[in-house]
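**Q** Sharing a model prediction with you, sequence too.
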Amino acid sequence: MSNTVKLRPTEFAHIAIESKIQKGSVVIDATLGNGYDTLFLYNIVGNEGKVFSFDIQVQSLQNTEALLQKHNLQHSSITLIHDGHENIKKYVNERIDAAMFNLGYLPKGNKDIITKPDTTIKAISTVLELLNRGGIISIVIYYGHKGGIHEKNCVLDYIETLTYEEYTVLQCDYINHENNPPVVLLIEKK
């Protein structure tokens with residue numbers, strides 16, 4: 001009997017990110033959410049590295065603080081920042097090895113508070129500037145909500161402007177799912 005494994009988009013992003021970072025890496029969780037990507041990143045980079053995590057919602061920071069306390073990581077190398085990802089440069093002025101974005105809204109949160117194309121593209125652009133050669137960005141686009149299709153299209157249009165000489169871009173999406181299945185983008189800086 002075989003085990004059936006369903007690979008979620010965030011797990012796919014984790015596999016790609018994990019191949020590019022190590023203890024001591026500097027990384028960004030650009031959309032904190034409930035803190036699972038922050039915890040994932042910390043578990044690889046450890047106290048020798050740095051994790052900068054951003055969200056505009058107090059609920060996201062509270063959920064993440066509870067998750068970190070559960071794992072005894074209150075005084076670790078994780079910096080939780082109550083600000084939008086478009087302001088990354090105000091807080092991070094060092095080279096990074098990876099960044100993760102999950103676009104959409106806070107799971108089990110207020111569906112009216114969503115990521116938006118202008119701030120997301122500004123954040124992606126900033127992260128690309130900070131990214132070391134060989135570094136990677138994962139972007140999971142959840143777009144089954146009001147404004148989601150517009151953001152997806154704007155982000156894809158922006159990503160298409162990245163030159164092959166500087167970046168390798170991989171797009172993965174479901175071809176046999178209904179109801180706006182998520183899209184995964186991986187961007188590696190050459």
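**A** Yep, that arrived. Everything quoted here is computed from the prediction, not taken from an experiment.
**Q** Checking my notes, residue 137 in a helix, right?
**A** No: assessed by DSSP: H, G, I helix; E, B strand; the rest coil, residue 137 does not belong to a helix; its assignment is strand.
**Q** which residue packs closest to residue 189, ignoring adjacent ones?
**A** Sequence neighbours aside, residue 131 is the residue nearest to residue 189 in space, at 4.7 Å (criterion: CB to CB, 6 or more residues apart in numbering). Where C-beta positions appear, they are placed from N, C-alpha and C, glycine not excepted.
**Q** how near is that neighbour to residue 166?
**A** Noted for residue 131: a distance of 10 Å to residue 166, by CB to CB, to the nearest Å.
**Q** residues contacting the residue nearest to residue 189?
**A** In this structure, residue 131 makes contact with 95-99, 137, 189, judged by CB atoms under 8 Å, 6 or more residues apart in numbering.
**Q** In PyMOL, select just the buried ones from those.
**A** Command for PyMOL, covering only those of the contacts of residue 131 found buried under the criterion 16 or more other CB atoms under 10 Å:
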select buried, resi 96+97+98+99+137+189
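**Q** Most widely separated two among the contacts of residue 131?
**A** Comparing all pairs in these by CB to CB, the longest separation belongs to 95 and 137, at 13.6 Å.
**Q** No more questions from me, cheers.
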